[in-house]
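Participant: After the sequence you'll find the predicted model.
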Amino acid sequence: MKRNDIRNIAIIAHVDHGKTTLVDSLLKQSGVFRANQVVEDRVMDSNDIEKERGITILAKNTAINYKDVKINIIDTPGHADFGGEVERVLKMVSGVILVVDAFEGPMPQTKFVLKKAFELDLPVIVCINKIDRPEARPNEVIDEVLDLFIELGANESNLDCPFLFASAKKGIATLSLEDEGENMDPLFETIIENIPAPEGDIDEPLQVLVSTIDYNDYIGRIGIGKIERGKIAANDEVLIVNIESPHKQQKVKISKVYEFEGLNRVEVESASVGSIIAVTGVEDIHIGDTLCDIDKSEALPFVKISEPTIA
Ligand code: GDP
């Protein structure tokens, strides 16, 4: 089954190139604003907990509805120090948006993530941002991005990838520098056209690879991942298994299932293949675990935290 109503995409950018502003302008166009106290609190809580417990919750999820498609946008840590985290995030998505400042050009810190995206054969959409800057030099930056692609071993289709020009600040994206642009529609349309819809069989036994762990004082540990196969519902009993420790096989009961909506998690009765979900109720849930059908224990391969390959 192809989930034409979903696109899962990661966003890659060097710090300050405008990732947050770009996601905000996509959110704004769909009627969601970040100036929301509840959200601010949540983000800050997460950071504190992250420091305290050393758990990885760097990947922040956002979901934006455009026409009839839910676009899950997953933030990736830009730096090579988060090698394992990056790989796990990239395993959840079917493509990436690379945001590059129209003045600064591509920066070495994004190389590592981009290389991983190429290794996983993910289609890339390049978004040259800040074209409103007086010193912007978008044409040169295109060449610099292409040089970087070649250096990282990009294939023909990567070299042929769509380039967009944006002023995230003004909420504008265009496919051509001659076009002044009006809104973010060209970026939404490019995502829907160029990033494949997730696929999988809804009738097969459940498999979810837990890619991220979040934590909340009220609901405890939260496992986040993409449904690779089957479906899951609140109160389902599932098996939790791990390819690294085959003896760990626990029967657990999921309390709640959430999907992402704007900057929030929203509770859903059930979710199916292709969706990125969060589940609660399992205190012994860890990154790399697989949630499986109660009758079919089958752990998914898991990406270990590895040393960065590029300095
Ligand atoms: P991030 O670190 O990649 O998330 O970057 P931010 O979104 O926080 O942006 C970094 C800085 O660049 C902020 O001061 C933004 O206001 C500014 N910025 C982002 N997008 C644009 C843009 O399109 N044009 C201009 N001129 N500035 C921008």
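Facilitator: Looks like it came in fine. Numbers count the residues shown, from 1 in each chain.

Participant: what about the residue nearest the centre of the chain, helix or strand, and which?
Facilitator: Central residue of the chain (Cα atoms, centre = their mean): I74, 2.1 Å from the mean position. Using DSSP states H and E, I74 sits in strand 69-75.

Participant: Which elements pack onto that strand?
Facilitator: Helices and strands touching strand 69-75, as assessed by 3 or more Cβ pairs under 8 Å, 6 or more residues apart in numbering; DSSP states H and E, comprise strand 6-13, helix 19-29, strand 61-66, helix 83-92, helix 185-194. From N, CA and C alone the C-beta is placed, and that goes for glycine too.

Participant: V266 touches K256, doesn't it?
Facilitator: No: between V266 and K256 there is no contact under Cβ atoms under 8 Å: 10.4 Å.

Participant: These two: which is more packed in?
Facilitator: Shown here are V266 and K256; by other Cβ atoms under 10 Å, K256 has more neighbours (17 against 11).

Participant: Return the residues in contact with the more buried one.
Facilitator: By Cβ atoms under 8 Å, 6 or more residues apart in numbering, the residues touching K256 are I219, A234, E267, V279, T280, G281.

Participant: Go again with 7 Å.
Facilitator: A234, E267, T280, G281 (Cβ atoms under 7 Å, 6 or more residues apart in numbering).

Participant: how much space between whichever residue of the stretch 201-311 of the chain sits closest to the ligand and D75?
Facilitator: As assessed by Cβ to the nearest ligand atom, the ligand sits closest to L263 within the stretch 201-311 of the chain, at 14.0 Å. Computed as Cβ to Cβ, to the nearest Å, the L263 to D75 distance reads 11 Å.

Participant: Neighbour count for the two, which is higher?
Facilitator: The neighbour comparison of L263 against D75 (other Cβ under 10 Å) goes to L263, with 22 against 18.

Participant: That one and T62 touch, don't they?
Facilitator: Yes: L263 lies in contact with T62 (Cβ atoms under 7 Å); the separation is 5.8 Å.

Participant: List the beta-bridge partners for F163.
Facilitator: Beta bridges link F163 to V126, judged by DSSP bridges.

Participant: before we move on, the earlier item: pLDDT averaged over the strand holding I74 - what is it?
Facilitator: Per-residue pLDDT over strand 69-75 has a mean of 94.

Participant: which residues sit against it?
Facilitator: Under Cβ under 7 Å, 6+ apart, the answer for strand 69-75 is 5-11, 23, 59-64, 89, 92-93, 191-192, 260, 276.

Participant: Return the distance of I142 relative to the ligand.
Facilitator: For I142, the distance to the ligand equals 17 Å [Cβ to the nearest ligand atom, to the nearest Å].

Participant: tell me the contacts of the residue lying closest to K226 once chain neighbours are set aside?
Facilitator: With sequence-adjacent residues excluded and distances taken as Cβ to Cβ, 6 or more residues apart in numbering, K226 is closest to M92, at 4.4 Å. Contacts for M92 (Cβ under 7 Å, 6+ apart) come out as N8, I74, S211, G225, K226, I276.
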